[in-house]
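> I would like the atomic coordinates for the input below:
(chains A and B)
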Amino acid sequence: GENVEQHPSTLSVQEGDSAVIKCTYSDSASNYFPWYKQELGKGPQLIIDIRSNVGEKKDQRIAVTLNKTAKHFSLHITETQPEDSAVYFCAAMLSGGYQKVTFGIGTKLQVIP
Amino acid sequence: DTGVSQDPRHKITKRGQNVTFRCDPISEHNRLYWYRQTLGQGPEFLTYFQNEAQLEKSRLLSDRFSAERPKGSFSTLEIQRTEQGDSAMYLCAVGESYGYTFGSGTRLTVV
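Next comes the predicted model:
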C-alpha cells in the first residue's frame, strides 16, 4: 500500500517568514495529493491540492509543488500569520476505485508573532 | 459547519463498555469513510462505504469494531469491549470529486 512520509514534524517560524513542509510517497500510481490543515479540536480541512499532471499550484499565500519522478511534493506558505498555526497533513490518493487517502504524520506549525 | 456532523463530540467510557458513534453527512454522498487519529499521528483509514455497502476494511478494524450505513446516508461505528488502546479521535469523511470533507470527529477516551 501507499506510504507517505512527512517532515519536519514541528516547525516554528517568525510571523512574515515562509514555511516549507516536505513529503514523499511510495506508490507511483498515486495521482492526487491534497494538503489538510487541522486546528485544535477540529477535523482536517482541505486547503489545497495538486494532481499528478500539474507541477505547481498556487492559491494566494499557499503553493504546492510536485515532482513525480522523485515522488516528492511540498507545501509552501509565504508571509506566515499567527492564524496559520496548526497541524498540516500531506496525503496521497489514487483516484478511482475506493479513493482511499493515505496521510503523513503531520507537521505542527507555530507562527511566532 | 463542515458538511459532516458527528455525534457525540466527546465520549469517556470505562474499559469493557460498548460505544457507538454516529456520522451524518448534510447532503448525499455515495462515499463515506471512517478514520482513526491518535495523538501526534495522521488519520489512519478504518473502513469505506459506497452507499450502503461496506467495501473495504482496514486491518486496524478488529472484530470488536463494526460499522454500518443502513440507508446509504448516515453511518454508525460501534466498538465493543473497549480497551485503552481504542482511545483516539474517530473521524468520518465523505468523498468529494477529489479528496474528502471531514467531520469534526468524536474523541473517545477509555479509562
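
> what is the spatially most central residue of chain B paired to in the beta sheet?
Nearest to the mean C-alpha position of chain B, by Cα atoms, centre = their mean, lies residue B:34 at 3.9 Å. Using DSSP bridges, the bridge partners assigned to residue B:34 are residue B:47, residue B:92.

> next one, pLDDT for it please.
Per-residue confidence for residue B:34 comes out at a pLDDT of 97.

> repeat for the one 3 residues further on
Per-residue confidence at residue B:37 stands at 96 (pLDDT).

> and it, how many neighbours?
22 (other Cβ atoms under 10 Å in any protein chain shown). Yep, even glycine has a C-beta here, placed from its N, CA and C like the rest.

> report the separation between it and chain A.
9 Å (Cβ to the nearest Cβ, to the nearest Å).

> quick check: that residue touching residue B:104?
No - applying Cβ atoms under 8 Å, one finds residue B:37 not in contact with residue B:104, separated by 11.7 Å.

> which bits of chain B sit near chain A?
Within chain B, the positions near chain A by Cβ under 8 Å from any Cβ of the partner chain are B:2, B:4, B:31, B:33, B:40-45, B:48, B:50, B:55-56, B:91, B:93, B:95, B:98-105.

> list only buried entries from those residues.
Neighbour counting with 16 or more other Cβ atoms under 10 Å in any protein chain shown marks B:2, B:4, B:31, B:33, B:42-43, B:45, B:48, B:91, B:93, B:95, B:98-105 as buried within these.

> inside strands: which ones of those residues?
Of the positions in these, B:4, B:31, B:33, B:45, B:48, B:91, B:93, B:95, B:100, B:101, B:102 sit in strands, assigned by DSSP state E.

> CA atoms only: put stretch A:76-93 into PDB for me.
Taking C-alpha atoms only, stretch A:76-93 is exported to PDB below (Å, rounded to 0.1, in the frame of the first residue of the first chain):
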ATOM      1  CA  HIS A  76       4.900  26.400   0.800                       C
ATOM      2  CA  ILE A  77       3.300  29.100   2.900                       C
ATOM      3  CA  THR A  78       4.600  32.600   2.400                       C
ATOM      4  CA  GLU A  79       4.100  35.700   4.700                       C
ATOM      5  CA  THR A  80       3.000  33.500   7.600                       C
ATOM      6  CA  GLN A  81       0.500  34.800  10.000                       C
ATOM      7  CA  PRO A  82      -0.400  33.600  13.600                       C
ATOM      8  CA  GLU A  83      -3.600  32.100  12.300                       C
ATOM      9  CA  ASP A  84      -1.500  29.700  10.100                       C
ATOM     10  CA  SER A  85      -0.500  27.900  13.300                       C
ATOM     11  CA  ALA A  86      -2.000  24.400  13.100                       C
ATOM     12  CA  VAL A  87      -1.100  20.900  12.200                       C
ATOM     13  CA  TYR A  88      -0.700  20.300   8.500                       C
ATOM     14  CA  PHE A  89      -1.000  16.900   6.800                       C
ATOM     15  CA  CYS A  90       0.100  15.900   3.400                       C
ATOM     16  CA  ALA A  91      -1.700  13.000   1.700                       C
ATOM     17  CA  ALA A  92      -1.700  10.900  -1.400                       C
ATOM     18  CA  MET A  93      -4.500   9.200  -3.200                       C
END
